[in-house]
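K.L.:
Provided below are the primary sequence and the corresponding predicted coordinates.
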Protein chains: 2
Amino acid sequence: MKQIFQAAKAVLVCVFLLAAVALSAQERRYVQAYELNVIGKALPTGGVYQRFDPKPYGMNGLRGQQAEMSTGLAVCFKTDARSIGVRWKIGGFRSHTNMTPTVACGFDLYIKRDGHWVFAGSVGPGRLADQYEATLVRDMAEGEKECVVYLPTFDHLDEMELSVEEGAYIEPMDNPFRFKIVCKGSSITHGASASRPGAVWPARLCRELGLYCVNMGFSGNSKLQEDFARVLADMEMDAIVFDAFSNPSAEEIRARFDTFVDIIRQAHPDIPLIFLQTLRRDSGNFNETTRAYEAAKKAAAREVALRRAKVDKNLYFVEVDEWIGTDGYGSVDGIHPNDLGIDRMLRQVSPRVARILRKYGIK
Amino acid sequence: MKQIFQAAKAVLVCVFLLAAVALSAQERRYVQAYELNVIGKALPTGGVYQRFDPKPYGMNGLRGQQAEMSTGLAVCFKTDARSIGVRWKIGGFRSHTNMTPTVACGFDLYIKRDGHWVFAGSVGPGRLADQYEATLVRDMAEGEKECVVYLPTFDHLDEMELSVEEGAYIEPMDNPFRFKIVCKGSSITHGASASRPGAVWPARLCRELGLYCVNMGFSGNSKLQEDFARVLADMEMDAIVFDAFSNPSAEEIRARFDTFVDIIRQAHPDIPLIFLQTLRRDSGNFNETTRAYEAAKKAAAREVALRRAKVDKNLYFVEVDEWIGTDGYGSVDGIHPNDLGIDRMLRQVSPRVARILRKYGIK
């Protein structure tokens, strides 16, 4: 059986090589993505494809690595190309049981059509390599395209070039999105488990509303820590949407919530802080411990957020008890919403968040 | 940066080891899955976790490998355990750009509750190893559970054991599904790109209708070939649902359709043959070649199927032009429906297929 797979792999490698030859035969022109317009950073940082530098905040370990990932970043450009490719190198975190390589380590291209951002193509790495190259879209009609390509959500992006056919132009485009909305949260905000980087809920929510999004999702590590609040305090933004209650325990929620909000409020006294209730977990369908643990978390979240909302008229608690639906198909693993769970969530959350933001002229 | 990832990997490995130790500390009892009830095979074959033996049909190469995958297979058992684990070895096809390791190489458990099959847990391999072990569900209430666990869709399953805590029983359960519906098709039928094995469309369609499903999806290779028709002719079934028009070109559809149906009809003169129109491809949103190619395929599919349906009252053509929706979020890569695309498809397809099947007493 192993021999069969070896043979199949050889065939696949040949196909990849032929595709690569076909692409290069077109004489591609490569542009460093950082020479275009990289948007979505939390703070200025030396690393062009990093959200922010974790060192000034003393963030070490996994949170430090996550801060340096390209989560939520996007490259804006205009081109008259008929094909767009990407060549990239990534840090090494490749295998996530509950995620596609496309969302974790790949790219997702949207092109504007009739005022809407329309999906044009997505790619990801198929097997471990030092460098990857893939075509996002080809055989397009002539004419200028306004493009936004979303970057890997669960990896360090070491190098990224975009390619067009020789003779085509590719140039920076201004950030097409308005205002600045920070989405702070857990793995669910970070990207698990949309199938593509541009389908992660903060990206979908903001793009569909025309708003500029900064993704501050930290998988497994978003526990209302004070250092995260200090990062948020140092950022400029018009609003924050929080998936704040997915990672911490009920005890942590009760112990940390007010201090967390206090730190943010010192820097941003009046912006809307929109706290989403955490999602339904199908992992509690039969696991009684999980069910009780999650119920306690939700009760604590409701309690602290509603209490604070009484004294802070710009703080909101959006109770969406069954984010991902109740039929068991909304998640990949009982926890992380797949595209179906995200769609169900956004059908409830988007109109409510949009209504709150409109009160502040954010629209 | 690489060092950081190395360190993080070391931490993850420790977590895995601790989890494994914690599991084994409970003193687990392991049972070979083949000693329970493995359902979903196309034909009897020596390999316990293979769909059928491709050699008698002269199927070599990738199609031969795909025939030997555990796609669509499931294990039925009863247990009074409070936790269920799985330990397994797989063939080696690990990395699919557009799929989670969970759907390609993992497991998906459903437990009956109030007459419905409810999602209980899913697992997949996180990194390359010779053997994997994971907990599907734990901390369940006492009492007997009727269980169906779906097997990897895009891999060879070499070994599989289920585990329960020491002292619990685990025993074979009769196939809980009625009749036998074969779903024959492309990668979309094979499993790309649901997030879990039990969320692949044939599994969902049949499980929700209480029907027994055999998955004959062959990624990239389902082109109305005569040898596939001969396999179908040799199988016993009550109906076939075809995703037959996703892989072949318009020319292949026109050239091969009638011969393909002829071979099946010689063996199965009266069973319902339900041909689904192929799905919308968002890869044609901007790629004009793809858009024209797919339109030609759909026209050919409509033409050959409707012509045949005029002379075969048990042959159906289900036109679902926009399977996955039109907003660009229904697929992982412009081709393969994610869970959202599958849900949108089934909302249209399931009632129509169920209505046809009911005419034949299949319900």
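P.N.:
Structure's in. What do you need?
K.L.:
for the helix or strand A:Cys206 falls within, give me every contacting residue.
P.N.:
Assigned by DSSP states H and E, A:Cys206 belongs to helix A:201-209. Contact with helix A:201-209 is made by A:72, A:74, A:110, A:117, A:148, A:150, A:177, A:181, A:183, A:188-189, A:194, A:197-198, A:211-213, A:215, A:217, A:241, A:337, A:342, A:345-346, A:349-350, A:353-354, A:357, A:363, B:329, as judged by CB atoms under 8 Å, 6 or more residues apart in numbering or on different chains. Where you see a C-beta, it was placed from the backbone N, CA and C, and this is true even at glycine.
K.L.:
which of the residues you listed are buried, as a ChimeraX select command?
P.N.:
Selection of the buried residues among the contacts of helix A:201-209 in ChimeraX, burial being defined by 16 or more other CB atoms under 10 Å in any protein chain shown:
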select /A:72,74,110,117,148,150,177,181,183,188,189,194,197,198,211,212,213,215,217,241,337,342,345,346,349,350,353,357 /B:329
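K.L.:
domains for chain A, by residue range?
P.N.:
For chain A, automatic domain parsing gives the domain ranges A:26-172, A:178-359.
K.L.:
where does chain A have low pLDDT?
P.N.:
Along chain A, the model assigns pLDDT under 70 to residues A:1-26, A:93-94, A:321.
K.L.:
could you pull out the helices for it?
P.N.:
A:2-25, A:61-67, A:101-105, A:187-190, A:201-209, A:226-234, A:250-267, A:288-311, A:339-359 (DSSP state H).
K.L.:
so which residue of the stretch 201-350 of chain A comes closest to chain B?
P.N.:
A:Gly328 (3.3 Å; CB to the nearest CB).
K.L.:
neighbours of that residue, how many?
P.N.:
19 (other CB atoms under 10 Å in any protein chain shown).
K.L.:
chain neighbours aside, what residue packs nearest to it?
P.N.:
Among residues not flanking A:Gly328 along the chain, B:Phe119 sits closest, at 3.3 Å (CB to CB, 6 or more residues apart in numbering or on different chains).
K.L.:
A:Leu43 too?
P.N.:
A:Phe52 is the one closest to A:Leu43 (CB to CB, 6+ apart), at 4.0 Å.
K.L.:
do you know how far A:Glu288 is from A:Phe257?
P.N.:
Between A:Glu288 and A:Phe257 the computed distance is 26 Å (CB to CB, to the nearest Å).
K.L.:
for the two, indicate the residue with more neighbours.
P.N.:
Higher neighbour count among A:Glu288 and A:Phe257: A:Phe257, with 22 against 13, using other CB under 10 Å.
K.L.:
state the phi and psi torsions of the spatially most central residue of chain A.
P.N.:
For chain A, the residue sitting closest to the mean C-alpha position, by CA atoms, centre = their mean, is A:Gly72 at 4.1 Å. Phi and psi for A:Gly72, reported as degrees, to the nearest 10, are phi 80, psi -10.
K.L.:
wait, it touches A:Asn215, no?
P.N.:
Yes: in this structure, A:Gly72 is within contact of A:Asn215 by CB atoms under 8 Å, at 2.5 Å.
K.L.:
and the residue of the stretch 51-200 of chain A nearest chain B?
P.N.:
Relative to chain B, the nearest point of the stretch 51-200 of chain A is A:Phe119 (3.4 Å; CB to the nearest CB).
K.L.:
okay, now that residue: neighbour count?
P.N.:
Residues lying near A:Phe119 (other CB under 10 Å) number 24.
K.L.:
isn't it right up against A:Leu136?
P.N.:
No: between A:Phe119 and A:Leu136 there is no contact under CB under 8 Å: 10.6 Å.
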